[in-house]
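J.: Build the 3D model from these lines:
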Amino acid sequence: MSRSVLVIEDDRDIAQLVKIHVEELHCRVKLAYDGTVGLAEAEGGGYDLIILDLMLPGIDGLEITRRLRAKTNYTPLLMLTAKSSELERVLGLEMGADDYLTKPFSVLELTARVKAIFRRVEKLQAGAVSSESTRILAPCAWMRNRWSLPPRSSTCCCSSYRTPAASTVASSCSITSGATVIRATSTPSTPTSTGCGRRSNATRAIRS
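T.: Predicted coordinates for the structure are as follows:
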């Protein structure tokens, strides 16, 4: 599956290097060389990942991150910067970056981190679809549990349904009239649908 990646990097050599290796992951890559252009491109949406530097002309990477995270649509962010101090890394992550890679970097580590972000996004999307399916199916399960209905055969007060596997049924019933108890056994029958106001053959025979 082809993905779109935006690279916001003012060093053109590094930007081209990143583009070459990300394109090897079957991604379409767009380059922006300053923060103002990069932010406008990112706000346009449609990207699966944004790779950005922190030190940018115009608008810096932290401000770009802050503005993007203030919006409802979520795009993963990978910060690519020469700032390697612990404080800078923590600040970038706290601002909303999904990952942080310091310069100089290995292209193998870069592609591994990009693929890891894509895997996480796929897992989250799959989980969201699964949760939605569970939410839709939940009322059906609740009704079955509420009325103690069998999985694929149910009986209501208006009709009875027998599956082909249960076309031959032998059942017994007890009817009490005063002090006399009459027992009757129904004969094997074929699948039928009986209305509420109708009486079975066995019942009519007993009452007659």
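
J.: all strands for the protein, in order.
T.: In the chain, strands defined by DSSP state E lie at 3-8, 27-32, 49-52, 77-81, 99-102, 172-177, 180-185, listed in chain order.

J.: domain ranges for this structure?
T.: Domains of the chain are assigned by automatic domain parsing as 3-127, 164-207.

J.: if you compare those domains, which one is most tucked away?
T.: Burial of those is given as mean neighbour count (mean count of other Cβ atoms under 10 Å); domain 3-127 ranks first at a mean of 16. (Glycine included, C-beta is placed from N, CA and C.)

J.: now the end-to-end length of it.
T.: For domain 3-127, the first and last residues are 20 Å from each other (Cα to Cα, to the nearest Å).

J.: pLDDT (mean, whole number) over that domain?
T.: Regarding domain 3-127, the rounded mean pLDDT is 93.

J.: can you offset everything so residue one is 18?
T.: Got it, the first residue is 18 from now on, which makes the last one we talked about domain 20-144.

J.: Test my guess that Ser21 contacts Gly63.
T.: Yes. With contact defined as Cβ atoms under 8 Å, Ser21 and Gly63 form a contacting pair (6.0 Å).

J.: what about the helices in the protein?
T.: For the chain, the helices defined by DSSP state H occupy 29-40, 52-60, 78-86, 103-112, 124-164, 218-224.

J.: The shortest one - what's its average pLDDT?
T.: Helix 218-224 shows a mean pLDDT of 47 in the predicted model.

J.: contacting residues for Glu40?
T.: Val46 (Cβ atoms under 8 Å, 6 or more residues apart in numbering).

J.: roughly how far apart are it and Gln33?
T.: Per Cβ to Cβ, to the nearest Å, Glu40 is found 11 Å from Gln33.

J.: can you give me phi and psi for the nearest residue to Lys120 once chain neighbours are set aside?
T.: Leaving out its chain neighbours, the residue that sits closest to Lys120 by Cβ to Cβ, 6 or more residues apart in numbering is Ala99, at 4.5 Å. Backbone geometry at Ala99, expressed as degrees, to the nearest 10, gives phi -80, psi -10.

J.: can you pull the contacts of Leu125?
T.: Here Leu125 is in contact with no residue (Cβ under 8 Å, 6+ apart).

J.: And it, how far from Lys132?
T.: 11 Å.

J.: What of Val107?
T.: Taken as Cβ to Cβ, the span from Val107 to Lys132 is 24 Å.

J.: got a list of what Asp27 touches?
T.: So Asp27 contacts 50-51, 70, 72-74 (Cβ under 8 Å, 6+ apart).

J.: Pick out the most distant pair among the residues you listed.
T.: Tyr50 and Met72 (12.6 Å; Cβ to Cβ).

J.: For Thr172, give me the pLDDT.
T.: Model confidence at Thr172 (pLDDT) stands at 44.

J.: Quickly list what Ile67 is bridged to.
T.: Leu23, Leu94 (DSSP bridges).

J.: didn't it look like it was pressed against Tyr91?
T.: No. Ile67 is beyond contact range of Tyr91, at 10.9 Å (criterion: Cβ under 8 Å).
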